[in-house]
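[1] Quick one, fold the following:
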Amino acid sequence: MQVPSGTITSVDVLIDVQGTADLSQITFNGETQVPVAGGPTSKAQCKHGGWRTFTSPAFRNQGQCVSWVEHHVLHHGKGKGH
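    From the prediction side, this is the model:
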């Protein structure tokens, strides 16, 4: 997936009559986006706007994404006191 760049001029999310958002069909500036399931598996995936592509978990910024990788991927199960 390529991270949208430039000015976002339109975002479309379908809301059904019950008020439920269908997040399986998201478009930015007319281009369909595919949310990335699961968290990053490397710090590199957080760079160059990659942190924006994650939805579960979602991140507020690149630093939060990198911290998540450090805690959940790099040190998980390696006896670092977790």
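
[2] can you list the domain ranges for this structure.
    Domains of the chain are assigned by automatic domain parsing as 1-34, 35-82.

[3] Averaged pLDDT, the shortest one. What do you get?
    The predicted model gives domain 1-34 an average pLDDT of 70.

[4] Determine which stretch of the domains of the chain is the most buried.
    domain 35-82 (a mean of 14; mean count of other Cβ atoms under 10 Å). In this view, the C-beta of every residue, glycine as well, is placed from N, C-alpha and C.

[5] where do the helices sit along the protein?
    In the chain, the helices defined using DSSP state H lie at 62-69.

[6] Contact partners for the residue nearest the centre of it?
    Most central in the chain under Cα atoms, centre = their mean is residue 54, positioned 1.5 Å from the mean C-alpha point. Residues in contact with residue 54 (Cβ atoms under 8 Å, 6 or more residues apart in numbering) are 36, 38-40, 65.

[7] With residue 66 instead?
    Each residue near residue 66 by Cβ under 8 Å, 6+ apart is listed here: 43, 46.
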